[in-house]
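Student: Sharing a model prediction with you, sequence too.
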Amino acid sequence: MGFKVETGLYAARLEEAGAAAKRAEELGYDGINTAETAHDSFLPLVLAAEHTERIGIGTSVAIAFPRSPMVTAMMAWDLQRYSKGRLTLGLGTQVKGHNQRRFSVPWSPPAPRIREYVQSLKAIWNTFQTGEKLDYVGEHYTFTLMTPNFNPGPIDHPHIPVHIAAVNERNAFVAGEVCDGMKLHGFNTMKYTKDVLLPQVMKGLEKSGRSRDQFEICGGGFLATGKSWSDAEQNAQEIKRQLSFYGSTRTYQSVFDHHGWGDTTTRLHEMSLQGKWAEMPAVIPDEMLSEFAVIAPYDKVAEAITERYGGVCDRVGFSATISSPEDEEAVRSIIAQLQAA
């Protein structure tokens with residue numbers, strides 16, 4: 001069985017989201033995801049659901065802690081009903097600085113908190129569906145009130161898969177313990193995934209009494225492709241910029257440490273404080289780039305993705321710029337190859 005193949009909903013404007021989602025469905029994608037960077041991750045999915053019939057929709061990821069689980073539960077419930085069961089709710093914890101300084105929310109160790117967040121969602125959804133008393137009491141979240149006026153009631157597809165993003169061991173364990181899947185951060189390598197994250201997922205699954213086939217791992221990481229090797233290698237230079245950005249954040253140092261590159265984080269962090277963003281990509285050597293990114297032309301990229309993620313990931317992300325009929329034909333072919341891998 002091959003991969004489920006997903007792409008991002010990159011339309012910057014809401015009025016473009018419906019057409020972009022419809023286009024992804026026509027190309028043969030299995031899923032389309034929205035990130036939460038400069039725009040809200042939920043609003044475009046309303047339009048995506050409206051303009052499509054088959055393709056899965058999801059957040060990859062919505063930032064959890066700035067939203068009460070009750071708020072997230074209500075939005076997800078409405079989207080699941082409207083899309084007729086096509087939603088996957090992807091959540092991320094974000095790092096301390098963004099929680100405190102960008103969203104102005106308190107910070108605490110993320111793994112225990114995201115565990116309760118997911119448990120809260122499931123308790124709330126159970127009350128929505130069954131009408132049973134809401135009674136979730138935890139250290140971080142407590143939900144004990146749900147009067148009929150505020151209960152949206154049952155829907156046809158009440159199971160909403162919840163995935164969380166994981167870079168560290170503790171979040172990977174929580175994913176296996178209470179979630180339906182894990183989203184691998186782009187700032188990741190397969191060596192780190194296999195050595196560090198997967199063992200923790202398996203421990204979490206064992207604690208929850210589940211097996212690996214009841215859990216999805218979503219990968220894909222960084223990708224540079226194009227019509228030729230030179231196109232792919234040129235596109236890879238942008239990935240160095242992204243790696244230098246993520247690598248400057250000490251939260252992600254564990255990935256560098258696992259490869260013996262821990263001093264790179266220190267160097268990049270110091271450069272970021274000095275505002276040397278344009279110079280930072282030069283710190284990323286080609287050896288490091290190849291660990292994080294798949295770099296291959298159209299006629300080799302499906303094989304390269306399969307070689308890297310086969311046996312580990314159930315879903316992979318793939319996107320490429322389409323500017324000609326030849327590009328479209330190549331993208332359709334790559335999607336089909338990955339689905340049949």
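Tutor: Great, that's in hand.
Student: Can you tell me the closest non-neighbouring residue to the residue nearest the centre of the chain?
Tutor: Central residue of the chain (Cα atoms, centre = their mean): S60, 3.7 Å from the mean position. With Cβ to Cβ, 6 or more residues apart in numbering as the criterion, S60 has its nearest non-adjacent residue at 3.6 Å, and that residue is N33. Quick note: C-beta positions are derived from backbone N, CA and C, even for glycine.
Student: for I284, same thing?
Tutor: Nearest residue to I284, sequence neighbours excluded (Cβ to Cβ, 6+ apart): K240, at 4.4 Å.
Student: now swap in V331 and tell me
Tutor: Nearest one to V331, counting by Cβ to Cβ, 6+ apart, is A320 at 5.3 Å.
Student: my read is that neighbour is in a helix, agree?
Tutor: No. A320 is assigned coil when assessed by DSSP: H, G, I helix; E, B strand; the rest coil, not a helix.
Student: picking up where we left off before, so which strand or helix has the residue nearest to I284?
Tutor: helix 229-247 (DSSP states H and E).
Student: Next SSE downstream of that helix?
Tutor: Following helix 229-247 in sequence, per DSSP H and E, is helix 253-258.
Student: For that next one, which residues meet the burial criterion?
Tutor: By neighbour count with 16 or more other Cβ atoms under 10 Å, helix 253-258 contains the buried residues Q253, V255, F256.
Student: Isn't the second one up against E169?
Tutor: The one in question is V255. No. Assessed by Cβ atoms under 8 Å, V255 is found out of contact with E169, at 11.5 Å.
Student: Could you give me the buried positions within the helix holding K240?
Tutor: For helix 229-247, the buried set under the neighbour-count rule, 16+ other Cβ under 10 Å, comprises A232, E233, N235, A236, I239, K240, Q242, L243, S244, Y246, G247.
Student: for the record, mean pLDDT for that helix?
Tutor: Across helix 229-247, pLDDT averages out at 94.
Student: I would like the residues contacting it, please.
Tutor: For helix 229-247, the surrounding residues in contact (Cβ atoms under 8 Å, 6 or more residues apart in numbering) are 186-187, 222, 224-226, 252, 256, 264-265, 268, 277, 280-284, 288-289, 292-293, 295-297, 301.
Student: just to revisit the earlier point, please name the residues that touch the residue nearest to V331.
Tutor: A320 makes contact with T225, G226, Y298, D327, A330, V331, I334, according to Cβ under 8 Å, 6+ apart.
Student: one more time with 10 Å, if that's ok
Tutor: The contact partners of A320, by Cβ atoms under 10 Å, 6 or more residues apart in numbering, come to 7, 223-227, 235, 298, 301, 327-328, 330-331, 334-335.
Student: Just give me the neighbour total for T264.
Tutor: 21 (other Cβ atoms under 10 Å).
Student: for it, helix, strand, or coil?
Tutor: Using three-state DSSP, the secondary structure recorded for T264 is helix.
Student: residue contacts, the residue nearest to it when sequence neighbours are not counted?
Tutor: Nearest residue to T264, sequence neighbours excluded (Cβ to Cβ, 6+ apart): F256, at 5.4 Å. Residues in contact with F256 (Cβ under 10 Å, 6+ apart) are 187, 189, 192, 243, 246-247, 250, 262-266, 268, 288.
Student: quick one, domains of this structure?
Tutor: 4-225+297-339, 226-295 (automatic domain parsing).
Student: How far away from the center of its chain is the last one?
Tutor: The chain centroid and the centroid of domain 226-295 are separated by 20 Å under Cα atoms, centre = their mean, to the nearest Å.
Student: if we can go back for a sec, now the common contact residues for V255 and E169.
Tutor: Joint contacts of V255 and E169 (Cβ under 10 Å, 6+ apart) are V196, L197.
Student: Please, where are all the strands along the stretch 1-150 of the chain?
Tutor: Using DSSP state E, counting those that start in this stretch, the strands found in the stretch 1-150 of the chain span residues 4-8, 31-34, 56-59, 62-63, 87-92, 136-137, 142-143.
Student: Check what contacts the fourth one and list those residues.
Tutor: This points to strand 62-63. 34-37, 40-42, 45, 72, 75-76, 89-94, 98-99, 102-103, 105, 165.
Student: next one: the second one
Tutor: Identification of contacts with strand 31-34 by Cβ under 10 Å, 6+ apart yields 4-11, 17, 20-25, 40-45, 48, 52, 55-62, 86, 88, 90, 183, 218, 315, 317.
Student: again, 8 Å this time
Tutor: Identification of contacts with strand 31-34 by Cβ under 8 Å, 6+ apart yields 4-9, 21, 24-25, 41-42, 44-45, 48, 52, 55-60, 88, 90, 315, 317.
Student: With the third one instead?
Tutor: Contacts of strand 56-59 with the rest of the structure, by Cβ under 8 Å, 6+ apart, involve 4, 6, 21, 30-36, 41-42, 45, 48-49, 79, 83, 86-91, 163.
Student: Spit out the contact partners of D30.
Tutor: Counting by Cβ under 8 Å, 6+ apart, D30 has contacts K4, V5, E6, I55, G56, R315, Q339.
Student: gap between A302 and Q337?
Tutor: Applying Cβ to Cβ, to the nearest Å, the value for A302 to Q337 is 4 Å.
Student: Name the residue in the two with the higher neighbour count.
Tutor: Set side by side, A302 and Q337 show more neighbours around A302, with 25 against 17, by other Cβ under 10 Å.
Student: sec struct for the more buried one, please.
Tutor: Assignment for A302 (three-state DSSP): helix.
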